[in-house]
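Enquirer: sequence and predicted structure below; questions after.
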Amino acid sequence: MLPMSQVGHRKCEHLLTPPTVRLRRVHLHVHLFPPRHNGGMGSLPIACTLSPAALKARKANLLNVLLRRADERRELPDGYRLRFAPEGDILSEIARMVDAERQCCRFLRFAVTVEPDDGPITLDLTGPAATREFLAAMFES
């Protein structure tokens, strides 16, 4: 049997041990529209509501700036994944683009993933059928 002084000391050992920190992947999913009972995003038209002049300005500014900064562009079954180095203001640029695009392209779903330990940042742009084709046309023009 241990003396009381040692028992008390063992009880307090956990207070002297620093906490363990575990890094993990952080997912930020921006769901702009709640699922609808009548078919969800599939019922939204695959169309941008901007005028041609406003669409041209938007592509020249927000979208093309992000595309130029992307390290990688990968096709997904229902859209695209853009990968960025975690440099400068890229996260705030992504947030600005998401905020602007959600106003005119209501069918798009945006998912931002920030990897731990200064890893890459990815932006998934997805939606219902034909979203990938719509985005490809936006990227090419």
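Expert: It's in.
Enquirer: what packs against the helix or strand harbouring Ala136?
Expert: Element membership of Ala136 [criterion: DSSP states H and E] is helix 131-140. Packing partners of helix 131-140 (3 or more C-beta pairs under 8 Å, 6 or more residues apart in numbering; DSSP states H and E): strand 72-76, strand 79-84. To be clear about C-beta, it is placed using only N, CA and C from the backbone, and glycine gets the same treatment.
Enquirer: other SSEs contacting the lengthiest helix in the chain?
Expert: In the chain, with assignment by DSSP state H, the single longest helix is helix 90-104. In terms of contacts (3+ C-beta pairs under 8 Å, 6+ apart), helix 90-104 is packed against helix 52-58, helix 64-69, strand 109-114, strand 121-126.
Enquirer: shaky segments in the protein?
Expert: Within the chain, the stretches with pLDDT under 70 are 1-42, 50, 55-61, 141.
Enquirer: got the contact list for Gly119?
Expert: Contacts for Gly119 (C-beta atoms under 8 Å, 6 or more residues apart in numbering) come out as Pro86.
Enquirer: kindly confirm my reading that it is in a strand.
Expert: No: applying DSSP: H, G, I helix; E, B strand; the rest coil, one finds Gly119 to be coil, outside a strand.
Enquirer: out of the helices and strands packed on helix 131-140, which comes closest to Leu91?
Expert: For the helices and strands packed on helix 131-140, the distance to Leu91 is smallest for strand 79-84, at 8.5 Å, taking C-beta to C-beta.
Enquirer: report the buried residues of the closest one.
Expert: Gly79, Tyr80, Arg81, Leu82, Phe84 (16 or more other C-beta atoms under 10 Å).
Enquirer: cool, stretch 133-141 as well?
Expert: Phe134, Leu135, Met138.
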